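# Fold the stuff below for me.
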Amino acid sequence: MSVWPSVLTPSPTPLRKIVKSSSIRRKRAIKSIKSADGMIECESDHEADFAILAELDPNVTEIFSQPFSWSHHFDGQRKKHWPDFGLVINGSAEIHEVKELAKIHEDVEWNTRCGWADWCWQLGVPYSLTLDAHLEGPVQSRCISDLWFQYNRTVDAFLTLRIQSLLEACPLKIGTIIEALSPPKPHFDELLALAAQGKIYIDASNDFSLATLVRFPDPTNPPPRLIPFFSPILEARP
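Coordinates of the predicted model:
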């Protein structure tokens, strides 16, 4: 059974053409195992950062890019909207629009976002206005810059199984895993690569080190979500 109401069924392919800058194509085209296309095209660096977090977040199971095309009246004017992302997270649907704080300072823009949020809530789906500041927290920045861009690579399948088997009993520090396994021992960067791929869960609350805790990737007990959520309402303008 779909988690999306029939009136808000997301398209598996984007409904709006993304214009990319070739100079930063690597960052704005995000490989994805959670989207139907296998690739998420992004209009901005902030959208790319959001897509990366969604890909890294074990709580997120499906990602839809530009999946809606809406037209609705607010304050006597017809507005059109192509929300950036639809997610299935913790078994529920969410819609996320990614914006820079500087671009919503105008009253009309803020009121319109609040209108879309209220409209979505009435249809049964939470709507988040995800701002650039929400993507720049220490945990989010750490996961994007370290896990995704620095350590995200393939790890030997047999080594992966050895590490996962060791973690089935209890969470362990990265340094403890390296010491406990017989040669060939895993390297620090291989543990972080597994975390980037969701093959182990990692504590991202502090800088990654040999003291960082990792655990078996139990989907019924995921770590705290990486995806921020901010519902815009008129009385809570940032």
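
# Could you check what's spatially nearest to V139, not counting adjacent residues?
A204 (5.0 Å; CB to CB, 6 or more residues apart in numbering). Where C-beta positions appear, they are placed from N, C-alpha and C, glycine not excepted.

# tell me the secondary structure for the one you found?
Taking DSSP: H, G, I helix; E, B strand; the rest coil as the rule, one finds A204 in the coil state.

# now do D146
The assignment at D146 comes out as helix when based on three-state DSSP.

# For it, give me the pLDDT.
If you check D146, the pLDDT there is 96.

# can you count the residues close to the spatially closest residue to it that is not a sequence neighbour?
Once flanking residues are discounted, D146 sits nearest to F208: 6.0 Å by CB to CB, 6+ apart. Look at F208: counted by other CB atoms under 10 Å, it has 22 neighbours.

# isn't F208 right up against A196?
No. Counting by CB atoms under 8 Å, F208 stays clear of A196, with 10.8 Å between them.

# Just give me the neighbour total for E43.
17.

# and it, that's in a strand?
No. Secondary structure of E43 (three-state DSSP): coil, not part of a strand.

# Mark out where each domain of this structure begins and ends.
Per automatic domain parsing, the structural domains of the chain span 19-143+225-236, 153-215.

# before we move on, back to that, what residues are up against the residue nearest to V139?
139, 142-143, 147, 223, 226 (CB atoms under 8 Å, 6 or more residues apart in numbering).

# Torsion angles phi and psi at R162?
R162 has phi and psi values of phi -60, psi -40 when expressed as degrees, to the nearest 10.

# Nearest residue to it in space, ignoring adjacent ones along the chain?
Nearest non-adjacent residue to R162, counting by CB to CB, 6+ apart: L181, 6.0 Å away.

# what's the spacing between the one you found and L166?
When distance is defined by CB to CB, to the nearest Å, L181 is 7 Å away from L166.

# Next: R225.
Counting by CB to CB, the gap from R225 to L166 is 26 Å.

# Compare those two (neighbour count), which wins?
Just comparing R225 and L166: by other CB under 10 Å the higher neighbour count belongs to L166, 18 against 15.

# Quick one: name whatever helix or strand follows the helix or strand where the more buried one lies.
Taking DSSP states H and E as the definition, L166 sits inside helix 157-167. Remark: after helix 157-167, the chain's next helix or strand is strand 172-173, criterion DSSP H and E.

# State the paired neighbours of that next one in the sheet, together with their directions.
Here strand 172-173 is paired, per DSSP bridges, with strand 213-215 (antiparallel).

# Distance from the chain centre to the strand it pairs with, please.
In terms of CA atoms, centre = their mean, to the nearest Å, the centre of strand 213-215 is found 20 Å from the chain centre.
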